[in-house]
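Trainee: coords please:
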Amino acid sequence: MSVNRPDPLALAGQRLQWLEQRQQVLAKNIANANTPGFQPSDLAPFAQHLQRAGAGTRIVRTDPKHLANAGGEVVVRERPGAERSPDGNGVALDVQAMRVAETDQAHALALNLHRSWIGMFRTALGR
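Mentor: Just a heads-up that it's a prediction; the model follows:
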């Protein structure tokens, strides 16, 4: 992908791969919901993945009312001690379910964008 002209198909493909990896991490969190002492993890935001890959795409805060982008590598997010289960498990199933739903919506959006670009190419080629 070029820094000056990003390829939308490649970007959608990268997003789909990132979403697949995130889904695997979230599934692992949910599968270990009853494992004593297990701490859930999550992937770094996709924008940071692009920056590490050198894609030249970054999210810019264009209005002071916009939320600032914060994140890191694969992060362990611990629940506060009061919310931790008695066996030390830090998985909150409601939080994990929300993340799975967000990932599913983002996957559907990236897939639809990919299909739209392919459709435009087919139209341009006369097929």
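
Trainee: Where is the longest helix in this structure?
Mentor: helix 93-125 (DSSP state H).

Trainee: Packing partners of it?
Mentor: Where contact means 3 or more CB pairs under 8 Å, 6 or more residues apart in numbering; DSSP states H and E, helix 93-125 is packed against helix 8-31. For every residue, glycine as well, the C-beta is placed using N, CA and C.

Trainee: Give me the helices and strands touching whatever helix or strand comes next after the helix it packs on, please.
Mentor: With elements assigned by DSSP states H and E, the helix or strand that comes after helix 8-31 is strand 41-42. Counting contacts by 3+ CB pairs under 8 Å, 6+ apart, strand 41-42 packs against helix 8-31, strand 75-76.

Trainee: Those: lowest mean pLDDT?
Mentor: Sorting the helices and strands packed on strand 41-42 by mean pLDDT places strand 75-76 lowest, at a mean of 50.

Trainee: Output the below-cut-off pLDDT ranges for this structure.
Mentor: Low-confidence segments of the chain, defined by pLDDT under 70: 1-6, 53-61, 66-83, 127.

Trainee: hmm, 50 instead?
Mentor: 1-4, 57, 70-73, 76, 82 (pLDDT under 50).

Trainee: Residue 47: neighbour count?
Mentor: Close neighbours of residue 47, defined as other CB atoms under 10 Å, add up to 15.
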